[in-house]
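Asks: here are the coordinates; sequence isn't available:
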């Protein structure tokens, strides 16, 4: 199944309703076997990927906010430092940062807590590094790394607030849609937490 068969393209980002809410279409995707082909070649020199075993809250918030602001990522913004630290310090929650010539270029967060499945919880590039062909290569690396723990499946989700090509990139990496849901959220940009995380 491809996105064009049963699921809408996300070329048009939703506009807020009069009551300040947004309609969100979430597509859940899965991969049931590890990639069998060759890994994608690096798109350039000066690239490095490091696991941050215990990310500090300020550094993680920097990554999350820089990568996710354009796509209205809001869940982690609304978390207290204590709650966020509990997630980040868990031994089965792995955060990897992509660097380009020493500059943070993106990050991926893999949640291995469920022994049957691994969740690609967050993935993205910082704005200045979008368009450099890093995305597909970094995603391929993340997928292959996620399969090292031999889960029964790898899952991820995307929505119509994300980059319009995100769902296509996930499918090219081997993910297949299996569920779609609709929800209404308050526009996170109207919340005081958008610019000021809770203590």
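Replies: The structure has been received and is ready for your questions. What you see is a predicted model, and the numbers here were worked out from it, not measured in a lab. Numbers count the residues shown, from 1 in each chain.
Asks: so how far is residue 88 from the nearest residue to residue 162 once chain neighbours are set aside?
Replies: Nearest residue to residue 162, sequence neighbours excluded (C-beta to C-beta, 6 or more residues apart in numbering): residue 71, at 4.9 Å. In this view, the C-beta of every residue, glycine as well, is placed from N, C-alpha and C. In this view, residue 71 and residue 88 are 20 Å apart by C-beta to C-beta, to the nearest Å.
Asks: and if you look at residue 123?
Replies: Following C-beta to C-beta, the distance that separates residue 123 from residue 88 is 16 Å.
Asks: residue 108 contacts residue 138, doesn't it?
Replies: Yes - here residue 108 lies in contact with residue 138, judged by C-beta atoms under 8 Å, at a distance of 7.0 Å.
Asks: quick check: neighbours shared by the two?
Replies: 98, 123 (C-beta atoms under 8 Å, 6 or more residues apart in numbering).
Asks: how about residue 22, what does it touch?
Replies: 14, 16, 72, 161, 184-187.
Asks: which one of residue 123 and residue 88 has more residues nearby?
Replies: residue 123 (23 against 20; other C-beta atoms under 10 Å).
Asks: report the separation between the more buried one and residue 82.
Replies: Residue 123 is 25 Å from residue 82, by C-beta to C-beta.
Asks: tell me the mean pLDDT for stretch 67-75?
Replies: For stretch 67-75, the mean pLDDT works out to 94.
Asks: which of the residues in it are classified as buried?
Replies: 67-68, 71-74 (16 or more other C-beta atoms under 10 Å).
Asks: what about the helices in the protein?
Replies: 3-6, 57-68, 81-88, 134-146, 166-172 (DSSP state H).
Asks: and the third one, how far out from the chain's middle?
Replies: This points to helix 81-88. On the basis of C-alpha atoms, centre = their mean, to the nearest Å, the separation between the geometric centre of helix 81-88 and that of its chain is 18 Å.
Asks: same question for the fourth one.
Replies: Once both centres are worked out by C-alpha atoms, centre = their mean, helix 134-146 turns out to sit 11 Å from its chain's centre.
Asks: ok, back up a step: reformat the buried residues of stretch 67-75 as JSON lines; add distance to residue 170.
Replies: Below are the buried residues of stretch 67-75 laid out as JSON lines (distance: C-beta to C-beta, whole Å):
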{"residue": "67", "distance to residue 170": "16"}
{"residue": "68", "distance to residue 170": "16"}
{"residue": "71", "distance to residue 170": "14"}
{"residue": "72", "distance to residue 170": "18"}
{"residue": "73", "distance to residue 170": "16"}
{"residue": "74", "distance to residue 170": "21"}
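Asks: any idea which of the residues you listed is closest to residue 168?
Replies: Among those, residue 71 lies closest to residue 168 (C-beta to C-beta), at 15.2 Å.
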